[in-house]
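J.: Test case, fold it:
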Amino acid sequence: MSSALEGQSKTVDVVLAEFVALRAEVTQHLAARFTVIGLNVTGVAAIGGIVIANRADTRLLLLLPFLSGALGLWFHILTIDVMVIASYVENVQRPILVEQLGEDRLFQYEHYFRSRMKGRRLIQAITAGLMFPAVSLAALTMTIGSLHSLFDWSVWILGVVLLLLQNAVWATRLRRQPAPD
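T.: Numbers count the residues shown, from 1 in each chain. Below you'll find the model as predicted:
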């Protein structure tokens, strides 16, 4: 085997090994997203259940904008990480393999997926909005009549700020995400 072919083979091996590692990272991020969703649902059910079943002070609901807001931002970070990995595979790894192997049909999944995801961004945004910001908005709305002290109002305002931050992050993501081909 000539040294050029050995170099080509090593390059392909390295790219494929890196691809396998990146796919494992994507799998971990996707699993973490489901964990975040589960934590949010559990937290909302626990706090909401305590307030409803025990007729507890409705100001306990002020915990939800912080819990749901933090988890929503974490969910967003995990989503961005997956998108960055997908972009790296398509824009860095794929061209290397095409150059080394002379085969343009490799690693076409990102293009294939984007071309078939019409309407998916909107569905994802609505779903994430119901899971995270809507919970915060509902909690803030339900507690406004129960606020008495400066501390209560301070916590409520911080919850509003976190809700606005979360909405800004999601709106930015939707604007920057590449549209389907």
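
J.: Give me the local confidence score for Gly7.
T.: On pLDDT, Gly7 comes in at 62.

J.: contact partners of stretch 119-136?
T.: Contact with stretch 119-136 is made by 37, 40-41, 44, 64-65, 68-69, 71-72, 75-76, 159, 162-163, 166-167, 170, 174, 177, as judged by CB atoms under 8 Å, 6 or more residues apart in numbering. Where you see a C-beta, it was placed from the backbone N, CA and C, and this is true even at glycine.

J.: For PyMOL, write a command that selects the buried ones of the residues you listed.
T.: Per 16 or more other CB atoms under 10 Å, the buried members of the contacts of stretch 119-136 correspond to this PyMOL selection:
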select buried, resi 37+40+44+64+65+68+69+71+72+75+76+159+162+163+166+167+170
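
J.: Mind checking which of the contacts of stretch 119-136 land in helices?
T.: Counted as lying in helices by DSSP state H, out of the contacts of stretch 119-136, are 37, 40-41, 44, 64-65, 68-69, 71-72, 75-76, 159, 162-163, 166-167, 170, 174.

J.: and the particular helix or strand that has Tyr88 in it, what does it pack onto?
T.: Counting by DSSP states H and E, the element that carries Tyr88 is helix 63-88. The contact analysis (3 or more CB pairs under 8 Å, 6 or more residues apart in numbering; DSSP states H and E) places helix 63-88 against helix 3-53, helix 120-131, helix 133-143, helix 150-176.

J.: Just list the residues touching Ala139, thanks.
T.: Residues counted as contacts of Ala139 (CB under 8 Å, 6+ apart) are 61-65, 68, 159.

J.: Reformat those residues as a markdown table; add pLDDT and distance to Ser87.
T.: Conversion of these to a markdown table gives the following (pLDDT from 0 to 100; distance: CB to CB, whole Å):
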| residue | pLDDT | distance to Ser87 |
| --- | --- | --- |
| Leu61 | 96 | 39 |
| Leu62 | 96 | 38 |
| Leu63 | 96 | 36 |
| Leu64 | 96 | 34 |
| Pro65 | 95 | 32 |
| Ser68 | 94 | 28 |
| Gly159 | 95 | 34 |
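
J.: Which of the helices and strands in the chain ranks last by mean pLDDT?
T.: helix 109-115 (a mean of 74; mean pLDDT, DSSP states H and E).

J.: residues of that one that come out buried?
T.: 110, 114.

J.: name the helices or strands packed onto it?
T.: Using 3+ CB pairs under 8 Å, 6+ apart, no helix or strand is in contact with helix 109-115.

J.: how near is Glu110 to Ala46?
T.: As judged by CB to CB, to the nearest Å, Glu110 and Ala46 stand 39 Å apart.
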